[in-house]
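Peer 1: how would this look folded up:
(chains A and B)
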Amino acid sequence: MSENKTYWKSVDQLDDQNEMVQKLAHNEFTEQLPVNEFLSDQEGLEDSATSRRDFLKYVGFSTAAATLAACEGPVIKSVPYVVQPEQIIPGIANYYATTIADGFDFASVLVKTREGRPIKIENNTDTPAFGTANARVHASVLSLYDTQRLQGPKATGEEISWDDLKLQVGAKLKALSATGKPVVLLTQTLASPTTQQIINDFIAAYPNVKQVVYDTVSCSEALDAFANVYGQRALASYDFSQVETLVSVGADILGDWQGGGNEGSYAQSRVPHGKHGAATMSHHIQFEANMTLSGANADVRVPATPAVQRQILAHIYAELTNTPINGTLPAEVAEAVSKAVARLRAAKDKGVVVCGIEDVGAQELTLALNQWLGSKAFQPHKPLMHRQGDSQQVNQALEDILAGKVGGLITLGVNPVHTTSQGAELAEAIKKLDLSVVFSTKEDETAIAAQYIAALPHYLEAWGDYQITAGHYALAQPTIRPLFDTQQFQDVLLSLSGQTTTYYEAIKGYWQENILNETTWNQALHDGFVSTAVDNNPTAVAIDTSAHLSRLSAAEQGKMALVLYTKTGMGDGQQSNNPWLQEFPDPITRISWDNYLTISMADAERLGLKNVNVANGALNGSYAKVSNGSVSVTVPVVIQPGQAPGSVGLAVGYGPKLGTQKEMQVGVNAYPLYQDFKTVQEVEITPAEGYHEFACVQLHNTLMGRGDIVKETTLEIFNTKDKKYWNAVPEVSKNHIEMPVTSPEVDMWQAFDRSIGHHFNLSIDLNACTGCGACVIACHAENNVPVVGKREVRKSRDMHWLRIDRYYSSKERFESDNETKEAISGLGDSLTTFGKMEQASANPQVAFQPVMCQHCNHAPCETVCPVAATSHGRQGQNHMAYNRCVGTRYCANNCPYKVRRFNWFLYNKNDEFDYHMNNDLGRMVLNPDVVVRSRGVMEKCSMCIQMTQKTILDAKLEGREIKDGEFQTACSKACGTGAMVFGDINDKESKVAALKDNDRMYHLLEHVGTKPNVMYQVKVRNTQA
Amino acid sequence: MRIHNLPDFVYFNHAQHVEVGQIECQTCHGPVEEMEIMYQYSPLTMGWCINCHRETNVKVESNEYYAKIHEELSKKYGVEKLTVAQMGGLECGKCHY
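Peer 2: Modelled structure (predicted):
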């Protein structure tokens, strides 16, 4: 834009001293727009439509204001580097390998930094274990720029220097040590060899200190069972890539079960492979109470309450090993269990059983089952260390603190006052201790009760080393200088133990001595991990199953079982102040900004609990009171298809919390119900007054028999029938002759010639997609997608460029829905039948479908744009020039996929939307390569054109051709299951070109004739008996 | 004080023009070696960008990346040398994203 000319509006502007002129120069509009006043009048807005006269007034005024404002030319001051830092070239991203280990999520990741700022987390694809980041890990980069983080150490609420803190804490520790009063060191799971050594040295210096590991969401029983059988307190690892039959009893293997991280290997066995006619894929049977991601992806899902799950596990074991057992299974699950047993028997070592029941006996039984099968997927020789909490020890420690038997408490990364059921009493007890030090990134509930708060850095500012599994070590390195006056726990501990080394030196020393053999330290740091083959063959102690069998088979169902769970977006709630995660819609319920009680249709009807859609479609749910002994919480209810009757689900990690911005304090805190670290609780549900307003992004849940949206078939049909039968190209009629919609005969568009240069396509395999949502957050980070808040999401004004639609079947199967729809005859029948089909089945099939801009070659949006703001590129991308857009929204109305998003407001630097884009710290996460959109323009997925352009430029600079796999989008790069494949179809050797010719390939709404550049692969279910 | 400032909604990359396109600094920035006080030489408007893209040939020589695409495109347009515009350099999304 030319800035040579200056237009003067009046002579007053030449007067530098004129305050009025100076002030106006900074305002976008010469007068204050009454927007705040206008918007805050919520009732008035909803009651009355703006009159035509008002509208004209606003238009006239804003046009005049905009015209006046447009004449200003800003003066931009810039500060260049005085000394150019090495390795930082403005405009070029640097990548660092590091590891997240926050006690809940463990993953080796790559961190993209621009001009020294970490802006995005990516998968470390080189690492053999834990290299895929889930949605929370992708979002963790925003938590680095959290305004609520502690900015320095504190003592009794006042700021203190680190030296003083160490002096005072050291003195108190010595005093306690002299009296021999015990000090509890309560830590999260660290899985860090060097940290453990530092803690051991610390304990050697202060023998009265006792370390207790506390997992906020515990895995204690599985750890105990593994310890009893294999002699090491760890978790068995599973590799599902070669599985034929997978039976899960209450284990959400695609969620956070035993630390998660299984979706990659799971998806490998879920994609049909082998020759057509003899293609195979795994069969997945899931018995569960809540509808989880695993249940949604399973071939057979059987709703079962926690008590029935215990019986099921016992019966599977008994039937498989021909052991006599008392009692019979309920009729509705008995058949599914015997089928599962037959499948397992046939699969032998290619079968596997996983179990999420929190009972040492049940976990031992699962180990015995996999031993009996000789399961190859079950890998006790690769024990996982990423959960180490011991509930009994934690209970003992908390009891001692409450009883006043303890002199001091040091916590690291945990918040027991918030996350245990005795929070309030615990806070009082902590206040009475001689010494209490809380190592935390937030001034949370435990921190304010303590004398000293030691401010921790974020993991992207810190050093660390981790052993996640046998023979696999990971390193964490700082990717930015600490933003605040923070110190690592290890450094403080080292200095309290009287050592002069730093944590960094300690790690380096430990690694050089114990871990690095041929690898150099720099190489290990560059890769982020060191992996060595270990010859680990643990001997198993014989398991006495008879007692477990009789106890589990006698399990009885109480009044109502509450199953507490962790959400894909929120986990244990550590990152509850992260707006990306709050606005991330739950993959199953598609509700953002809330937690809720999931309940079955049958129970909801019995109790009189309702879900209703109000006039604009938004979802409301009645409240229910959940009582567990003396504790009770009032939560909104969501009627969940597939929820086992007799059970309800509730997610932890939400609710009012200190160190969290007001807007982010949504939902209810379910931790008080998490008694004795058991996720299954017996509760009483009673209806409560009123309705809760949800922010749900998907208001229509069923496919209504439109099987061409999510095309699916069974493995049997896939193998035995022709492609035309299960993946026919839709036909249209021309001169009364039916012809395929892909035929040039029925094409009235002048097509671009795309045969030369690059032509980008994105393939999405519906078999491999588990609905995990990592792509959604990666898209946010890459493309500066704004957060709009609960109120706007409720109005369907969410800005997600990439959404993952979730559909339920109305009957037991989607197939029956299609048949029902086809059988409709006449208007009356269609009205009643379609009405019924809006209701999801009590135990539906579930399908996930990621939908973003389909980049149509014949794009309906382009033809209706009056200003040509959206136009087509030769490389297959549908371009959107924001600065050209005038916001008519014709394009969004004409888009059959509904992927365009409109900026109803200014979402950055606007106090009405007080999320990360409204503060200097939060804005550091923005990707400088992508524009931050302004009010009044349309935006949508660009197929990450900034990334494809960068790849092309790199190739040009190096003077070479581009190899397959180099072209990526944020979503395809984040996909841990290989469901999303991006590339150039003009490169005939590329993976995506092969996928384009795959039999399973289809386009969304192909009959419309838009010829999209995004394609889907038909979902194949292994459902035959 | 910043002299050359493109608006945020346009992406400009020096490497593309200087390294790949082998354009001299002076082509856009004027006789900087003679400027006592730095000033903006070119208007930096979209029209100015587009004109240059229409008139300038792409430096394809000894760059493997262009080998295939140049051969095919020059056949299609029946020209010896391709302009940036013919390579797709006028598409909105190449600069606005």
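Peer 1: Up against chain A, what does chain B have?
Peer 2: B:1-2, B:5-11, B:13, B:15-16, B:19-20, B:40, B:43-46, B:62-69, B:72-73, B:76, B:87-88, B:91-94, B:96-97 (C-beta under 8 Å from any C-beta of the partner chain). All C-beta atoms are positioned from the backbone trio N, CA, C, and that covers glycine.
Peer 1: give me that answer again for 7 Å
Peer 2: By C-beta under 7 Å from any C-beta of the partner chain, the residues of chain B that approach chain A are B:1-2, B:5, B:7-9, B:11, B:13, B:15-16, B:19-20, B:40, B:43-45, B:62-65, B:69, B:72-73, B:76, B:88, B:91-93, B:96-97.
Peer 1: Centre-most residue in chain B?
Peer 2: B:H17 (5.2 Å; C-alpha atoms, centre = their mean).
Peer 1: Hmm, that residue is touching B:I23, no?
Peer 2: Yes. The criterion here is C-beta atoms under 7 Å, and B:H17 meets it with B:I23 at 5.0 Å.
Peer 1: For B:C95, see how far away the residue nearest to the centre of chain B is.
Peer 2: Using C-beta to C-beta, to the nearest Å, one gets 12 Å for the distance from B:H17 to B:C95.
Peer 1: In the stretch 851-1000 of chain A, where is pLDDT below threshold?
Peer 2: Scanning the stretch 851-1000 of chain A for pLDDT under 70 picks out no residues.
Peer 1: So which residues of it form strands?
Peer 2: A:870-872, A:878-880, A:901-902, A:938-939, A:980-984 (DSSP state E, counting those that start in this stretch).
Peer 1: Reformat the ones you listed as TSV; add distance to chain B and mean neighbour count.
Peer 2: Formatted as TSV, the strands of the stretch 851-1000 of chain A follow (distance: least, C-beta to the nearest C-beta, whole Å; neighbours: other C-beta atoms under 10 Å in any protein chain shown):
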stretch	distance to chain B	mean neighbour count
strand A:870-872	5	21
strand A:878-880	3	25
strand A:901-902	15	21
strand A:938-939	10	23
strand A:980-984	11	25
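Peer 1: Give the burial count for residue 11, as a bare number.
Peer 2: Reading this off chain A. 7 (other C-beta atoms under 10 Å in any protein chain shown).
Peer 1: Chain B is the one I meant
Peer 2: 20.
Peer 1: Go ahead and list the helix or strand containing it.
Peer 2: B:Y11 belongs to no helix or strand when assigned by DSSP states H and E.
Peer 1: quick one, what contacts it?
Peer 2: Contacts for B:Y11 (C-beta atoms under 7 Å, 6 or more residues apart in numbering or on different chains) come out as A:D929, B:C95, B:Y97.
Peer 1: What about it? Give its phi and psi, please.
Peer 2: phi -100, psi 130 (degrees, to the nearest 10).
Peer 1: do the same with A:L597
Peer 2: Dihedral angles for A:L597 - degrees, to the nearest 10 - are phi -90, psi 120.
Peer 1: separation between it and A:H1003?
Peer 2: 39 Å.
Peer 1: So those two - more neighbours on which side?
Peer 2: A:L597 (29 against 23).
Peer 1: separation between the more buried one and A:Q643?
Peer 2: A:L597 is 10 Å from A:Q643, by C-beta to C-beta.
Peer 1: Contacts only, for the spatially most central residue of chain A.
Peer 2: The centroid of chain A falls nearest to A:A135 when counting by C-alpha atoms, centre = their mean (2.8 Å). With contact taken as C-beta under 7 Å, 6+ apart, A:A135 is in contact with A:T568, A:G569, A:F584, A:C772, A:G773, A:A774, A:V776, A:I777.
Peer 1: run the last query once more with 10 Å
Peer 2: A:105, A:567-571, A:580-581, A:584, A:587, A:772-778, A:780, A:974 (C-beta atoms under 10 Å, 6 or more residues apart in numbering or on different chains).
Peer 1: when you check chain B, which of those turn up near it?
Peer 2: Among those, not one lies near chain B by C-beta under 10 Å from any C-beta of the partner chain.
Peer 1: Out of the residues you listed, which sit inside helices?
Peer 2: Counting by DSSP state H, the contacts of A:A135 place A:W580, A:L581, A:A774, A:C775, A:V776, A:I777, A:A778, A:H780, A:A974 in helices.
Peer 1: tell me which of the residues you listed is nearest to chain B?
Peer 2: Nearest to chain B out of the ones in helices among the contacts of A:A135 is A:H780 (C-beta to the nearest C-beta; 16.0 Å).
Peer 1: how close does A:D256 get to chain B?
Peer 2: 36 Å (C-beta to the nearest C-beta, to the nearest Å).
Peer 1: Actually, A:Q311.
Peer 2: A:Q311 is 57 Å from chain B, by C-beta to the nearest C-beta.
Peer 1: so how far is the helix or strand harbouring that residue off the chain centroid?
Peer 2: Using DSSP H and E, A:Q311 sits within helix A:306-321. Relative to the chain's own centre, helix A:306-321 is displaced by 32 Å; criterion: C-alpha atoms, centre = their mean, to the nearest Å.
Peer 1: immediately after that helix, which helix or strand?
Peer 2: As assigned by DSSP H and E, the chain's next helix or strand after helix A:306-321 is helix A:331-347.
Peer 1: got the residue ranges for the helices in the stretch 251-400 of chain A?
Peer 2: A:263-270, A:293-297, A:306-321, A:331-347, A:360-373, A:391-402 (DSSP state H, counting those that start in this stretch).
Peer 1: Throw those helices into JSON lines and include distance to B:E80, thanks.
Peer 2: JSON lines is the format used below for those (distance: least, C-beta to C-beta, whole Å):
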{"stretch": "helix A:263-270", "distance to B:E80": "50"}
{"stretch": "helix A:293-297", "distance to B:E80": "56"}
{"stretch": "helix A:306-321", "distance to B:E80": "74"}
{"stretch": "helix A:331-347", "distance to B:E80": "65"}
{"stretch": "helix A:360-373", "distance to B:E80": "69"}
{"stretch": "helix A:391-402", "distance to B:E80": "78"}
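Peer 1: Can you lay out the ones you listed as JSON lines showing mean pLDDT and mean neighbour count?
Peer 2: Formatted as JSON lines, the helices of the stretch 251-400 of chain A follow (pLDDT from 0 to 100; neighbours: other C-beta atoms under 10 Å in any protein chain shown):
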{"stretch": "helix A:263-270", "mean pLDDT": "92", "mean neighbour count": "23"}
{"stretch": "helix A:293-297", "mean pLDDT": "95", "mean neighbour count": "25"}
{"stretch": "helix A:306-321", "mean pLDDT": "93", "mean neighbour count": "24"}
{"stretch": "helix A:331-347", "mean pLDDT": "92", "mean neighbour count": "17"}
{"stretch": "helix A:360-373", "mean pLDDT": "94", "mean neighbour count": "23"}
{"stretch": "helix A:391-402", "mean pLDDT": "94", "mean neighbour count": "18"}
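Peer 1: Nearest to A:P656, out of those?
Peer 2: helix A:391-402 (22.0 Å; C-beta to C-beta).
Peer 1: Need the residues that contact that closest one.
Peer 2: Residues outside helix A:391-402 that contact it (C-beta under 10 Å, 6+ apart): A:182, A:184-186, A:210-215, A:218-221, A:223-224, A:358, A:390, A:405-406, A:408-409, A:414, A:416, A:420-422, A:425-426, A:428-430, A:432-433, A:436, A:676-678.
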